[in-house]
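Q: I need the structure of the sequence given here:
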Amino acid sequence: MQAKLPDRPSREDFEKHKSEKQHKKDNPLRDVILGGQDGLVNALGIILGVLAATSDLKILITTVLAATFAESLSMGAVAYTSALSQRDYYKSERKLEEKEVEEDSEMEKEEIRQVFEEKGFNGHILEEIVETITSDKKLWVDTMMAEELKIAPVDTRAVLKSSVIVTIATMIGHLIPLMPFFFLTAHFGLIFSVGISGVTLFAVGMYQALTLVGSWWKSGLRMVLIGLVAAFAGYFIARLFHAAS
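A: You can find the predicted model right below:
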């Protein structure tokens, strides 16, 4: 008697499930945090460094604004070029894998067999899997790229989107600690700048934990600690140079 096949989800339910997983995969949170934290910490470090040497707000604002545009474009460019490098690496490895499949198919087939044997398959089922995969060259190479080399193709459109998000987030991050100096004196501006930066870093860390995983308060405190320590490093270095001069 033939065993009854298990009930499968409907096509609509599967597409909805697939769409939800893709949405989570495309979450730009990493790019926002990368750019925003870098911009905020960089700007706060510049502010502390400049104020260690002068209280002239025009110099301070001009310096930070110049750094804002330079750093934002630089971060976006780095995000773009690094992703393109990963894309080119994938293409290069894929061509090499395609060549190996053509020239040494038996050894490449054995690699497929080893991959799925390590996953717990054996005997007739294992051989069916190997024959099914190796009967389609594209599927064969795709499997080798994912299972042996552990690398995935890079979507150029996603790369561009990521670099734009990093650029904008870096720019916004720079402006957060600078805003108080448009309305307050250097002394009070610094107090509000450090306070706003600390609150922002904590909020970002908290949101990261709530969105992904982890303790919200630990993540928030960790983000504040890392950010402020990095920023104050610029202040102490500037003080040392100022004292030496």
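Q: can you check which helix is longest in this structure?
A: helix 57-103 (DSSP state H).
Q: that one: how far from the chain's middle?
A: A distance of 12 Å separates the centroid of the chain from that of helix 57-103, by Cα atoms, centre = their mean, to the nearest Å.
Q: quick one: average confidence on it?
A: Averaging the model's pLDDT scores along helix 57-103 yields 90.
Q: what of stretch 129-136?
A: The predicted confidence, averaged over stretch 129-136, sits at 92.
Q: next, the buried residues of it.
A: Neighbour-count burial for stretch 129-136, counted by 16 or more other Cβ atoms under 10 Å, picks out Ile129, Val130, Ile133, Thr134. Placement of C-beta: from N, CA and C, glycine included.
Q: residues contacting the first one?
A: Ile129 makes contacts with Phe116, Phe121, as judged by Cβ atoms under 8 Å, 6 or more residues apart in numbering.
Q: centre of the chain versus whatever helix or strand it lives in, how much separation?
A: Secondary structure assignment for Ile129, by DSSP states H and E: helix 123-134. Mean C-alpha position of helix 123-134 versus that of the full chain (Cα atoms, centre = their mean) differs by 37 Å.
Q: next secondary structure after that helix?
A: Stepping forward along the backbone from helix 123-134, the first helix or strand reached (DSSP H and E) is helix 137-143.
Q: who does that next one touch, helix- and strand-wise?
A: Here helix 137-143 is seen to pack against helix 57-103, helix 105-118, helix 123-134 when contacts are counted using 3 or more Cβ pairs under 8 Å, 6 or more residues apart in numbering; DSSP states H and E.
Q: what does that helix contact?
A: For helix 137-143, using Cβ under 8 Å, 6+ apart, the contacting residues are Arg94, Glu97, Glu98, Val101, Glu108, Ile112, Val115, Ile133, Thr134.
Q: what's the angle between the next helix or strand after that helix and helix 57-103?
A: Following helix 137-143 in sequence order, the next helix or strand is helix 156-178 (DSSP H and E). Note on geometry: by axes from the mean of the first three to the mean of the last three Cα atoms, to 10 degrees, helix 156-178 and helix 57-103 are set 160 degrees apart in direction.
Q: residue ranges with poor pLDDT in the chain?
A: The chain contains residues with pLDDT under 70 at 1-27, 234, 238, 242-245.
Q: please repeat the previous calculation with a cut-off of 50.
A: Low-confidence regions of the chain, defined here as pLDDT under 50, cover residues 1, 23.
Q: now the residue nearest in space to the middle of it: how far from Gln114?
A: Centroid-nearest residue in the chain: Arg30, 4.3 Å away (criterion: Cα atoms, centre = their mean). Plainly put, Arg30 is 33 Å away from Gln114 if you go by Cβ to Cβ, to the nearest Å.
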